[in-house]
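> build me a model from this:
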Amino acid sequence: MKLVNKVKVKNALGLHTRPAAAIVKLLQLRKSSVLFTYKDETINARSIMSILMLAAKRNSLITVTVEGEDAEVTMANIVRAFDEEFGEK
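Numbers count the residues shown, from 1 in each chain. Predicted structure coming up:
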């Protein structure tokens, strides 16, 4: 199963180290492959360095592509994490 969704970066500092680490941790127990696309760059969301290199600022829209057997749960978790600003509210 393949799912594609857009999420908005709500964090004041954008996708910095703490949210990047939270994303990687969230994906540790998931089997699906997860890609983030921002501007013209697509990265593997399991890599902190790749997420940081996107340099996505506040209010950026990121396209999330999740593919695999647990895609629905994985996508729901990612969307929720972005909505909750990775606990930084």
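> which helix in the protein has the most residues?
Longest helix of the chain, by residue count under DSSP state H: helix 71-83.
> quick one: mean pLDDT for that one?
Here helix 71-83 scores 98 as its mean pLDDT.
> who touches that helix?
1-3, 5, 7-10, 19, 22-23, 26-27, 30, 32, 34, 45, 62, 64, 66, 68 (C-beta atoms under 8 Å, 6 or more residues apart in numbering). The way it works is simple: take the backbone N, C-alpha and C, and place the C-beta from them, glycine included.
> mind doing that once more with 6 Å?
1, 3, 5, 7, 26, 30, 32, 64, 66 (C-beta atoms under 6 Å, 6 or more residues apart in numbering).
> can you give me the helices for this protein?
Counting by DSSP H, the helices of the chain are 17-27, 48-54, 71-83.
> just the angle between the last one and helix 17-27, please?
It refers to helix 71-83. Relative orientation of helix 71-83 versus helix 17-27 (axes from the mean of the first three to the mean of the last three C-alpha atoms, to 10 degrees): 160 degrees.
> and helix 71-83, C-alpha only, in CSV?
Extracted in CSV, the C-alpha atoms of helix 71-83 (Å, rounded to 0.1, in the frame of the first residue of the first chain):
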residue,chain,number,x,y,z
ALA,A,71,1.5,2.4,5.8
GLU,A,72,-1.8,3.6,7.3
VAL,A,73,-0.6,3.5,10.9
THR,A,74,2.8,5.0,9.9
MET,A,75,1.2,7.9,8.0
ALA,A,76,-1.3,8.6,10.9
ASN,A,77,1.6,8.7,13.3
ILE,A,78,3.6,11.1,11.2
VAL,A,79,0.6,13.4,10.5
ARG,A,80,-0.2,13.5,14.2
ALA,A,81,3.5,14.3,15.1
PHE,A,82,3.5,17.2,12.7
ASP,A,83,0.1,18.5,14.0
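> gap between it and the chain center?
Chain-centre distance of helix 71-83: 8 Å, with C-alpha atoms, centre = their mean, to the nearest Å.
> show me the contacts for residue 51.
Listed by C-beta under 6 Å, 6+ apart, the contact set of residue 51 reads 15, 20.
> hmm, back to that, Throw the helices of the chain into a markdown table and include distance to residue 39, thanks.
Output for the helices of the chain, formatted as a markdown table (distance: least, C-beta to C-beta, whole Å):
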| stretch | distance to residue 39 |
| --- | --- |
| helix 17-27 | 17 |
| helix 48-54 | 8 |
| helix 71-83 | 17 |
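> that concludes my questions; thank you for your assistance.
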